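coords below, sequence missing:
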């Protein structure tokens, strides 16, 4: 079985996607797309427009209400009050407006879906290792608090399929950067593990999910409001797009959420 009991898997016109039971129970329309023949949500891909058209139809969303940020591994998070198509160098979106669909794309990076059912605020965030090291998820929560009056204890966070520590392998440069940024947690030995040696080069495995969970807890997010599908994109490369597994011609999935 793909994933755990936190999700359900659906299909529409050949497009497979997952939904989180917690968000469905709260009445929030959303999806994360799985690998499906003939679909690719990558920027400028020939199948991109068709892919979003089918996804919008599956979720009964007006495709013209979808917001597509151009992600470049930044820490930039914008509050959205209207549909816009000028979002260059943006990796996170927040809104409290109805009928605005927030999207992000990935092929190994983490995509987070946030929802505050009290203030009726959603967010969608792309956080690869660079975004994680820049604490984009923390920035998002702080913006939800300061701009919309959200309380951490009310915020739900869904964690998408993404590369996990078993396959997120780095060398000394990234490992050292991670240690320097997060040494204050006194937990680096928990999320940085010495791995294999290849051609005389020491490899390390980093758990970016754990790092983000530490950031969430520091801000007061409740443990049972952090909901993970437990899917590694590399391990499940037959069902989930993975840049590391697919190579240079990799395709992308998308996460979408709308009030």
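The structure has been received and is ready for your questions. The shown structure was predicted, so the numbers you read here are calculated from the model rather than taken from an experiment.

Give the residue spans of the stretch 151-259 of the chain that score low on pLDDT.
Filtered on pLDDT under 70, the stretch 151-259 of the chain yields no residues whatsoever.

now the helices: where do they sit in it?
172-182, 188-191, 208-218, 243-246 (DSSP state H, counting those that start in this stretch).

Tabulate those helices (CSV), appending distance to residue 41.
Every residue, glycine included, has its C-beta placed from N, CA and C. What follows is the helices of the stretch 151-259 of the chain, written out as CSV (distance: least, CB to CB, whole Å):
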stretch, distance to residue 41
helix 172-182, 26
helix 188-191, 29
helix 208-218, 21
helix 243-246, 13
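
Tell me which of those is the most buried.
helix 208-218 (a mean of 19; mean count of other CB atoms under 10 Å).

ok, the closest residue to residue 76 other than its chain neighbours - contacts?
In this structure, residue 76 finds its nearest non-sequential neighbour in residue 90, 5.0 Å apart by CB to CB, 6 or more residues apart in numbering. Contacts for residue 90 (CB atoms under 8 Å, 6 or more residues apart in numbering) come out as 69, 70, 71, 74, 76, 77, 78.

Kindly report the same for residue 127.
Residue 127 neighbours (CB under 8 Å, 6+ apart): 91, 109, 110, 111, 112, 136, 137, 208, 212.

Please identify which of the residues you listed is nearest to residue 160.
Using CB to CB, residue 111 comes nearest to residue 160 of the contacts of residue 127, at 4.0 Å.

quick one: pLDDT of the closest one?
The score at residue 111 is 98. That number is its pLDDT.

The host helix or strand of it: what's the following helix or strand?
With elements taken from DSSP states H and E, the one containing residue 111 is strand 110-116. Under the assignment DSSP H and E, the closest C-terminal helix or strand after strand 110-116 is strand 121-127.

could you give the angle of that next one to strand 110-116?
170 degrees (axes from the mean of the first three to the mean of the last three CA atoms, to 10 degrees).

Strand partners (parallel or antiparallel) of strand 121-127?
strand 92-95 (antiparallel), strand 110-116 (antiparallel) (DSSP bridges).

how distant is the longest one from the center of its chain?
The reference is to strand 110-116. 7 Å (CA atoms, centre = their mean, to the nearest Å).

Could you do stretch 25-45 as well?
Using CA atoms, centre = their mean, the offset of stretch 25-45 from its chain centre is 12 Å.
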